[in-house]
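> The following block contains a protein sequence and its predicted model.
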Amino acid sequence: MKFVIIAALAAVALAAPRPEYADSEESKEHIPILRDDRVHEDDGRYNLDVETGNGIFLSQSGSPDGPDGSVVKSGVFSYTAPDGTPVEVKFVADENGYQPESALLPVAPAFPHPIPQFVLDQIAKAAEEDAARARGELDSDEESYSYA
């Protein structure tokens, strides 16, 4: 049964159409690496600087300072988009995830309307009750708001 599944996956992979860009002249062009500086320290810290002949630039540093020794990274990369727009993205990757910053990244629209005061009051009351319950000042059978 495993052989049949592997054979089917291999057949699908071989039958998949090749992307059009694979045969373009652009994909055959050799792009030189102008700079590739890498420094790896024994304590897990590193620095990386790469620059290519077609204008791609990456500068990144990292260290195992995250929770449980996970690597925290920060850096910047830049390139020119196909329409000629220069793109620069600064980023941090840590326990809060990947956090890119760029003028070209989309921004969520502003909230469409103000939150009514009675809703804000209910949220505040529920938070007060949660805090009182955590301090043991509120019994679970007393009337309270419920999130469930």
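Noted; the coordinates are in hand. Just so it is clear, the model here is predicted, and its values are computed rather than measured. Residues are numbered from 1 along each chain as shown.
> looking at this protein, which helix or strand is least sure?
helix 25-28 (a mean of 62; mean pLDDT, DSSP states H and E).
> Convert the helix ranked longest in the chain to CSV, retaining C-alpha atoms only.
Longest among the helix segments of the chain by residue count, using DSSP state H, is helix 117-135. Only the C-alpha atoms of helix 117-135 are listed here, as CSV (Å, rounded to 0.1, in the frame of the first residue of the first chain):
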residue,chain,number,x,y,z
GLN,A,117,-20.0,53.4,26.1
PHE,A,118,-22.3,50.8,27.5
VAL,A,119,-20.2,48.1,25.8
LEU,A,120,-17.0,49.6,27.3
ASP,A,121,-18.7,49.6,30.7
GLN,A,122,-19.6,45.9,30.4
ILE,A,123,-16.1,45.0,29.4
ALA,A,124,-14.7,47.0,32.4
LYS,A,125,-17.2,45.4,34.8
ALA,A,126,-16.3,41.9,33.6
ALA,A,127,-12.6,42.6,34.0
GLU,A,128,-13.2,43.9,37.6
GLU,A,129,-15.1,40.7,38.4
ASP,A,130,-12.4,38.6,37.0
ALA,A,131,-9.8,40.4,39.1
ALA,A,132,-12.0,40.1,42.2
ARG,A,133,-12.5,36.4,41.6
ALA,A,134,-8.8,35.9,41.2
ARG,A,135,-8.3,37.6,44.6
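> gap between the spatially most central residue of the chain and L105?
Taking Cα atoms, centre = their mean, the centroid of the chain lies closest to Y98, which sits 3.2 Å from it. If you measure Y98 against L105 using Cβ to Cβ, to the nearest Å, the figure is 12 Å. Quick note: C-beta positions are derived from backbone N, CA and C, even for glycine.
> ok, now P116?
Distance from P116 to L105, by Cβ to Cβ: 31 Å.
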